[in-house]
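structure, please.
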Amino acid sequence: MDNTSLSQQQLAIPQSLYRFRFLTSIQIQKLLNFKTLHVTNYHLNILTKQGYINKHYSRTLGLANQPAVYFLAPRSIDVLRNIEGVTSRSLKRIYREKIRSPQFIAHASFIADYYLFLLNDSTKTKQTLHFFTKSDLQMHPYMIHPLEDIYFARVDKKGNTKRYFVEVFEEGSPRFALRRRIEQYNDYIEERKFEEATSHPFPTILFICPTVGILIYLKKHLERVYDETSLDQTSIYLATREQAFAGLWEQVQAVDE
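Next up is the predicted model:
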């Protein structure tokens, strides 16, 4: 069975899972604008039975109300390999999706939730949203490596565009790893790869932190090095995950001596 055997609605589900990696049925319903959760589950059941997708679901006491989390199964490679923007390297990772850690799955779920938040907010403010996950960015060699979690742009009614890189840090990330990621962004700014490839100004950087403690540490570190590095060539904002959804961002500024 190939992709001609799937309806357009069914084919859209593996494509969304390719982009976001792990999604609940509720997220899939919202992403693809299915009318009801019943319709969503109907398509998910067909794809699961036919081996295109798989799911994590626990019947353990206390977890019974948690929604199933869907991800790509190896058979999905057959329907994805000829889709524009899908890389062979990304398809190989599908064989390992089943063993991803709970932290990895939660991270992917957050990315999807943040996209849905931005989409809703952009609709309210009459802006056009362009949103790219790591999977989407594989085809763009001028992006920072390792890739950022999200790159998005919003265009207002007058045609003005604001662009953003988003980095979502995980709880338990060692401080040296946080500092190293800051250094990578500084090096990336100095290389000017983004500006040369796109002719656009360097995007604003958004750091989303798992805790207030990590936010405070990152902000103090950034403020210390801001004027001494190329980081001052762009705007940098920080927020916890809860603050990001509330639109409560703290801007990094150099410390006055």
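
partner residues bridging the closest residue to Thr161 other than its chain neighbours?
Of all residues not flanking Thr161 in the chain, Val155 sits nearest, at 4.9 Å (CB to CB, 6 or more residues apart in numbering). In short, each C-beta sits where N, CA and C put it, glycine included. Beta-bridge pairing of Val155, defined through DSSP bridges, involves Thr128, Thr161.

can you get me a residue count around Val155?
Residues within reach of Val155, counting by other CB atoms under 10 Å, total 15.

that one is in contact with Ser122, isn't it?
No: here Val155 lies out of contact with Ser122, judged by CB atoms under 8 Å, at a distance of 9.1 Å.

and the residue nearest to Thr161, how far is that from Lys124?
In this structure, Val155 and Lys124 are 15 Å apart, going by CB to CB, to the nearest Å.

and what of Ala108?
Separation of Ala108 from Lys124 (CB to CB): 25 Å.

more neighbours, the two?
Each of Ala108 and Lys124 had its neighbours counted (other CB under 10 Å), and the higher figure belongs to Ala108 (23 against 8).

per-residue pLDDT, Gln50?
According to the per-residue confidence, Gln50 scores 96 in pLDDT.

I figured it hits Asp78, correct?
No: with contact defined as CB under 8 Å, Gln50 and Asp78 do not form a contacting pair (10.7 Å).

show residues contacting the helix or strand where Leu218 lies.
Per DSSP states H and E, Leu218 falls inside helix 212-225. Contacts made with helix 212-225 from outside it, assessed by CB atoms under 8 Å, 6 or more residues apart in numbering, are listed as 169, 171, 173, 175, 178-179, 182, 186, 207, 209, 231, 236, 238-240, 250, 252-255.

now stretch 40-47
Applying CB under 8 Å, 6+ apart, the external contacts of stretch 40-47 come out as 6-7, 9-10, 13-14, 25, 28-29, 32, 34, 53, 55, 70.
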